[in-house]
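>>> sequence? don't have it. structure:
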DNA sequence: TCCTAAGTGATACTTCGTATCAACACGAGG
DNA sequence: CCTCGTGTTGATACGAAGTATCACTTAGGA
């Protein structure tokens, strides 16, 4: 209805042997329809609107399930809020997060793994995990900013 | 009583023109006495114990104030919890966080700033800020682990 | 000393998430 | 068709961490 090629969480989850009860399906549908990064609150609202009979706990449980299946990724923002992103299939990601429009891009490659290892070694640490996200202004917002600046000038 | 050379938050705050009401002083004292990274809950408990008349809101307000003055640094952990660290005077830090003993080390230098700039540029992003923390096992815990392994062997 | 803005405590609230628990749904075996 | 048993669910209470409100108090300069 909205998106011509949905991520289709349901099919992907089914392929992994997840039991697809109706409420779970609802939640996944809503996530697909959203088609963008979302906060817990947004998802709760959207599900509430799509089907008020689905309970709060189920939304969180489904979210957790999807995270475990790596069909949804939890991104922890600077301000402490969590944002959830769909469409990933691999494990560890790093992000470029726009402070203006809240868009979240993935860093392709980046070679940070070896960088991490270097720093850890130098401190006698055994690195097991790390966080690395960059906050700033994305190309889009940067351009629209430039446009506005030149028109008012 | 505990630490021979306390950070002495109070004096440092005073030097910045902070008004030093009694409850504020209490909170700062407690932080100094703790002398280690602490969570909000720990601080609340410690203050409660030191002086039950100090209100919950004041603890948070003081904490916020100290963060603004950069006398305390807020470190956002992987699991979403915040931990506060004293003794800093500069702005942006990166950490090595031990998963075993929860100790938090600072990375000395590290050259990540230029790394960040490189990644951002490649994506057309203007980097304004970033997070970078490494989770793993610190040298201490690593050694005691080794000891235990060799004694049971 | 007096005055006032800053600071304070009690308390209610918010957000994000977890725990509990009785009820239910569904598929395997009869 | 019925009947388990396990997994799932909704309601609800709870929890942590932090914010908002508001009347009261106090620090500290004039």
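Perfect, thanks for sending it. Not measured: the values here are computed from a predicted model.
>>> remind me, longest strand of chain A?
Counting residues, the longest strand in chain A under DSSP state E turns out to be strand A:126-137.
>>> average model confidence for it?
On average, the pLDDT along strand A:126-137 is 91.
>>> can you tell me if it touches chain B.
Yes - using C-beta under 8 Å from any C-beta of the partner chain, strand A:126-137 comes into contact with chain B via A:126-137. Just so you know, the C-beta spots here come from the backbone N, C-alpha and C atoms, and that holds for glycine as well.
>>> Name the surrounding residues that touch that strand.
Identification of contacts with strand A:126-137 by C-beta atoms under 8 Å, 6 or more residues apart in numbering or on different chains yields A:75-76, A:78, A:94-100, A:107, A:110, A:112, A:116-117, A:119-120, A:145, B:78, B:99, B:116, B:119-120, B:125-137, B:142.
>>> Which positions within that strand qualify as buried?
Buried residues in strand A:126-137, counted by 16 or more other C-beta atoms under 10 Å in any protein chain shown: A:126-127, A:130-137.
>>> just curious, which of those is nearest to residue A:84?
Using C-beta to C-beta, residue A:133 comes nearest to residue A:84 of the buried residues of strand A:126-137, at 14.7 Å.
>>> So in terms of bridging, what pairs with that closest one?
Counting by DSSP bridges, residue A:133 is bridged to residue A:95, residue B:131.
>>> So residue A:63 is in contact with residue A:39, correct?
No - because the distance of 10.9 Å does not satisfy C-beta atoms under 8 Å, residue A:63 is recorded as not touching residue A:39.
>>> any shared contact partners between these two?
Residues touching both residue A:63 and residue A:39 (C-beta under 8 Å, 6+ apart) are residue A:84.
>>> So for the two, which residue has more residues nearby?
More neighbours surround residue A:63 than the other of residue A:63 and residue A:39, with 21 against 14 (other C-beta atoms under 10 Å in any protein chain shown).
>>> tell me the contacts of the more buried one?
Residues near residue A:63 by C-beta under 8 Å, 6+ apart: A:27, A:40, A:43, A:72, A:84.
>>> can you list these in CSV and add secondary structure and neighbour count?
As requested, those are arranged in CSV below (DSSP: H, G, I helix; E, B strand; the rest coil; neighbours: other C-beta atoms under 10 Å in any protein chain shown):
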residue, secondary structure, neighbour count
A:27, helix, 27
A:40, helix, 15
A:43, helix, 20
A:72, strand, 23
A:84, strand, 20
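>>> Looking at those, which is nearest residue B:15?
Nearest to residue B:15 among the contacts of residue A:63: residue A:40, at 41.8 Å, using C-beta to C-beta.
>>> Distance-wise, check that closest one relative to residue A:83.
9 Å (C-beta to C-beta, to the nearest Å).
>>> Quick test: name the residue nearest the centre of chain A.
residue A:85 (1.7 Å; C-alpha atoms, centre = their mean).
>>> Kindly confirm my reading that residue A:60 is in a strand.
No - remark: residue A:60 does not belong to a strand; assigned using DSSP: H, G, I helix; E, B strand; the rest coil, it is helix.
>>> what about it, how many neighbours?
14.
>>> which residue sits closest to it in space, ignoring its chain neighbours?
In this structure, residue A:60 finds its nearest non-sequential neighbour in residue A:40, 7.4 Å apart by C-beta to C-beta, 6 or more residues apart in numbering or on different chains.
>>> quick one: that neighbour and residue A:56 touch, right?
No - Residue A:40 lies out of contact with residue A:56 (C-beta under 8 Å); the separation is 10.0 Å.
>>> rewinding a little: doesn't the residue nearest to the centre of chain A lie inside a strand?
Yes - counting by three-state DSSP, residue A:85 is part of a strand.
>>> residue contacts, it?
Residues in contact with residue A:85 (C-beta under 8 Å, 6+ apart) are A:37, A:72-73, A:75, A:104.
>>> run the last query once more with 6 Å
Going by C-beta atoms under 6 Å, 6 or more residues apart in numbering or on different chains, residue A:85 touches A:37, A:73, A:75, A:104.
>>> just curious, which of these is nearest to DNA strand C?
Within these, the smallest distance to DNA strand C is 10.3 Å, found for residue A:75 (C-beta to the nearest atom of the strand).
>>> ok, and what's touching the helix or strand hosting the closest one?
For residue A:75, the element it lies in under DSSP states H and E is strand A:72-76. For strand A:72-76, contacts defined as C-beta under 6 Å, 6+ apart pick out A:66-67, A:82-86, A:88, A:95.
>>> tell me the angle of that strand relative to strand B:126-137?
100 degrees (axes from the mean of the first three to the mean of the last three C-alpha atoms, to 10 degrees).
>>> ok, strand A:72-76 near DNA strand D or not?
No - using C-beta under 7 Å from any atom of the strand, strand A:72-76 never reaches DNA strand D; the gap is at least 12.8 Å.
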